[in-house]
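Enquirer: Have a look at this prediction, sequence included:
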Amino acid sequence: MKKRTPVIMNMSGIYREEKFWKGQETVWVEAEDITGTNCYCDEDARTEISCRIDKFSPEGVHFIDSGNYHYLTRLWIGKIQQPFRLLVFDNHTDMQPPAFGGLLSCGGWIAAALEELTNLRQVILIGPDENAYSQVDERLRKKVVFLSRETLLTMEEEEICGFLKKVMMDSELPVYLSVDKDVLGSKEVSTAWSQGDMKLTTLLAGVKTMLECGKSNEDRFLGVDICGEADVNGIHDNDGNDRANLQLLKLLCI
């Protein structure tokens, strides 16, 4: 992955309560003033956000706030100008049918990306439960490689890393990685959504495997975004998120 200054998208103000970015070279995109962004992104908000990230590359590391704003991945990957694959860690499918006039949403952004982006050739989705995935449109599932929450519980860390290595090596198409920390267990982090069971050490080992696979060709691993912060307006604990973000940042920016 090409080295670029990490981008922090300030959508809710939650990052001001965290410390992982302090002492690190980062660039902030201020978007807290934009209305119409929480969970759903209306057309005016989408236009304004796109304008504010226009000068930034999809390559590198992007922190995109809580899962309420996971739809920002759709905007980042829309900037990729070559065929690619999308690998997502998430406790939810994010492939719900469009609602509210087809607005881009945190619950349906992967479906939107598959429908709209001709360069997106495949999604590798890791983390949702089998029942949730069974409700995804069959047309979309044909473009998805799926590893369920139930299957993850039966796998050792080495097996998960082996799966990711195979994903990286099976195709010459580069990969963009999107991590929603709600795939992690509640003992690891505190997020705004229901959470899975994965350990942070397993997630870090998986990301490290992907980076190692891309060492021989830095273009194989395009970029990454990270969400899953706590709800800034609810009762929350940022310590776990701070630790996870710092470890991910150090791993990705070595």
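Expert: Noted; the coordinates are in hand.

Enquirer: Check the separation of the first and last residues in stretch 100-117.
Expert: 21 Å (CA to CA, to the nearest Å).

Enquirer: Give me the buried positions along that stretch.
Expert: 103-114, 117 (16 or more other CB atoms under 10 Å). C-beta: built from backbone N, CA, C; applies to glycine.

Enquirer: likewise stretch 83-103?
Expert: 84-96, 103.

Enquirer: Give the rounded mean pLDDT of it.
Expert: The predicted model assigns stretch 83-103 a mean pLDDT of 92.

Enquirer: Lys19 and Asp231: what is the separation?
Expert: According to CB to CB, to the nearest Å, Lys19 stands 19 Å off from Asp231.

Enquirer: For the stretch 151-254 of the chain, which segments count as strands?
Expert: If DSSP state E, counting those that start in this stretch is used as the criterion, the strands of the stretch 151-254 of the chain fall at 175-180, 221-227.

Enquirer: any weak-confidence spans in the stretch 101-250 of the chain?
Expert: 216-218 (pLDDT under 70).

Enquirer: Closest to Glu48 out of the buried residues of stretch 100-117?
Expert: Closest to Glu48 out of these is Leu104 (13.1 Å), distances taken as CB to CB.

Enquirer: so who does the nearest residue to the closest one once chain neighbours are set aside touch?
Expert: Computed as CB to CB, 6 or more residues apart in numbering, the closest residue to Leu104 that is not its neighbour in sequence is Cys41, at 4.5 Å. Cys41 makes contacts with 49, 71, 103-105, as judged by CB atoms under 8 Å, 6 or more residues apart in numbering.

Enquirer: which outside residues touch stretch 45-52?
Expert: 29-31, 34-37, 41, 72, 75, 104.

Enquirer: Now do Pro78: how many residues are near it, please.
Expert: Pro isn't right for residue 78; it's Gly. 16 (other CB atoms under 10 Å).

Enquirer: typed the wrong thing, it's Asp180
Expert: Neighbour tally, Asp180, other CB under 10 Å: 27.

Enquirer: ditto for Thr35
Expert: Thr35 has 9 nearby residues by other CB under 10 Å.

Enquirer: do the same with Thr154
Expert: So Thr154, with other CB under 10 Å, has 8 neighbours.

Enquirer: next one: Asp33
Expert: For Asp33, using other CB under 10 Å, the count is 8.

Enquirer: distance of it from Glu157?
Expert: 42 Å.

Enquirer: out of the contacts of stretch 45-52, which are buried?
Expert: Buried among the contacts of stretch 45-52 (16+ other CB under 10 Å): 29, 31, 34, 37, 41, 72, 75, 104.

Enquirer: Out of those residues, which sit inside strands?
Expert: 29, 41, 104 (DSSP state E).

Enquirer: give the contact list for the last one.
Expert: Contacts were defined as CB under 8 Å, 6+ apart; by that measure Leu104 touches 40-41, 46, 71, 74, 112.

Enquirer: so where do the helices sit in the stretch 1-150 of the chain?
Expert: 43-52, 72-77, 109-116, 130-134, 138-141, 149-153 (DSSP state H, counting those that start in this stretch).

Enquirer: Buried residues of the shortest one, list them for me.
Expert: Of the residues in helix 138-141, those scored as buried under the neighbour-count criterion (16+ other CB under 10 Å) are 140-141.

Enquirer: Which elements pack onto that helix?
Expert: Applying 3 or more CB pairs under 8 Å, 6 or more residues apart in numbering; DSSP states H and E, we find helix 138-141 packed against helix 109-116.

Enquirer: What are the contacting residues of the helix it packs on?
Expert: With CB under 8 Å, 6+ apart, helix 109-116 has contacts from 70-71, 73-74, 77-78, 86, 88, 93-98, 104, 120, 123, 125, 136-137, 140, 143.

Enquirer: so that helix versus strand 175-180, what angle?
Expert: Orientation check (axes from the mean of the first three to the mean of the last three CA atoms, to 10 degrees): helix 109-116 against strand 175-180 gives 150 degrees.
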